[in-house]
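Asks: Here is my input; please provide its structure:
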Amino acid sequence: MLHGFRHASLRMIVRKAGVTTGAFYGYFKTKEELFDALVRESAQTFLENYLEITREFEKKPGKQQLEEMGTMSTEWMERTIHYLYQHQNAFRLILLHSEGTRHEDFVHRLVSHEMAATRTFEEALRQVGVTVHSVSPELMHILISGMVTAFFEIIIHDMPQEKALGYVQDLVEFQKAGWRKLFGI
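Replies: Purely as a prediction, here's the structure:
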């Protein structure tokens, strides 16, 4: 999909797929339905796995969350990198070519979930007596957007998986140190 979803005509899609327009309509009602069929399961599984690890973390007492800050992120990111590379084509479509589809806000939805999880983490720390400096919603959004975007750069730039694992570990350490500094913990 060199042209992206919006600019790829149905005529172009069926020609490149080597099928007729009639054959296409035998399987899909619209090109949006085709796009969704190509990426839906990968995107849904990714988000479900993210939400599962977040819920696991939130079940832990605040002190334990503080001790494990970044550890679960590292484990999740390593597992997730393997998943991303197994479904690399779907994620390249989502990240680079989804404008105009229901998947175009994939990164934004992940950022929103991470912002909510970060606020829950802050509150868990406060409940166990840890003084946490508040981070404005705007700054939090900028930082989390940067983190999520940086994570997906491994797919966007077609980085070898072995190299990606090292970069993501560095990214987690960088983020952990930054959040500790901002939170004053």
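Asks: Now Ile154. Nearest residue, chain neighbours left out?
Replies: Nearest residue to Ile154, sequence neighbours excluded (CB to CB, 6 or more residues apart in numbering): Ala164, at 4.0 Å. All C-beta spots, glycine's among them, are computed from the backbone N, C-alpha and C.
Asks: Tell me how many other residues surround that neighbour.
Replies: 23 (other CB atoms under 10 Å).
Asks: for the helix or strand containing it, which positions count as buried?
Replies: Assigned by DSSP states H and E, Ala164 falls within helix 161-183. Buried residues in helix 161-183, defined by neighbour count with 16 or more other CB atoms under 10 Å: 164-165, 168, 171-172, 175, 179, 183.
Asks: List the contacts of His113.
Replies: Neighbouring residues of His113 by CB atoms under 8 Å, 6 or more residues apart in numbering: 47, 50-51, 54.
Asks: go again using 10 Å as the cut-off
Replies: 47, 50-51, 54, 144, 148 (CB atoms under 10 Å, 6 or more residues apart in numbering).
Asks: residue ranges with poor pLDDT in this protein?
Replies: For the chain, the stretches with pLDDT under 70 are 1-3, 70, 72-74.
Asks: just the helices in it please.
Replies: Ranges of helices within the chain are 4-7, 10-17, 21-27, 31-58, 62-68, 71-86, 88-97, 106-127, 137-156, 161-183, based on DSSP state H.
Asks: Could you single out the most deeply buried of the ones you listed?
Replies: Mean neighbour count (mean count of other CB atoms under 10 Å) peaks for helix 88-97 among the helices of the chain, with a mean of 19.
Asks: from memory Glu41 sits against Ala90, does it?
Replies: Yes. In this structure Glu41 lies within contact range of Ala90 using CB atoms under 10 Å: 7.9 Å.
Asks: Out of the contacts of His113, which comes closest to Arg102?
Replies: Checking the contacts of His113 against Arg102 by CB to CB gives Leu47 as the nearest, at 12.9 Å.
Asks: ok, back up a step: could you point out which of the buried residues of helix 161-183 is nearest to Val111?
Replies: Gln175 (13.4 Å).
Asks: Verify the stated contact: that closest one with Phe183.
Replies: No. Judged on CB under 10 Å, Gln175 makes no contact with Phe183 at a distance of 12.0 Å.
Asks: so who does Thr80 touch?
Replies: Applying CB under 10 Å, 6+ apart to Thr80 gives the contacts 46, 49-50, 53, 73, 151, 168.
Asks: just Glu104 next, same as before
Replies: Counting by CB under 10 Å, 6+ apart, Glu104 makes contact with 5-6, 94, 97-98.
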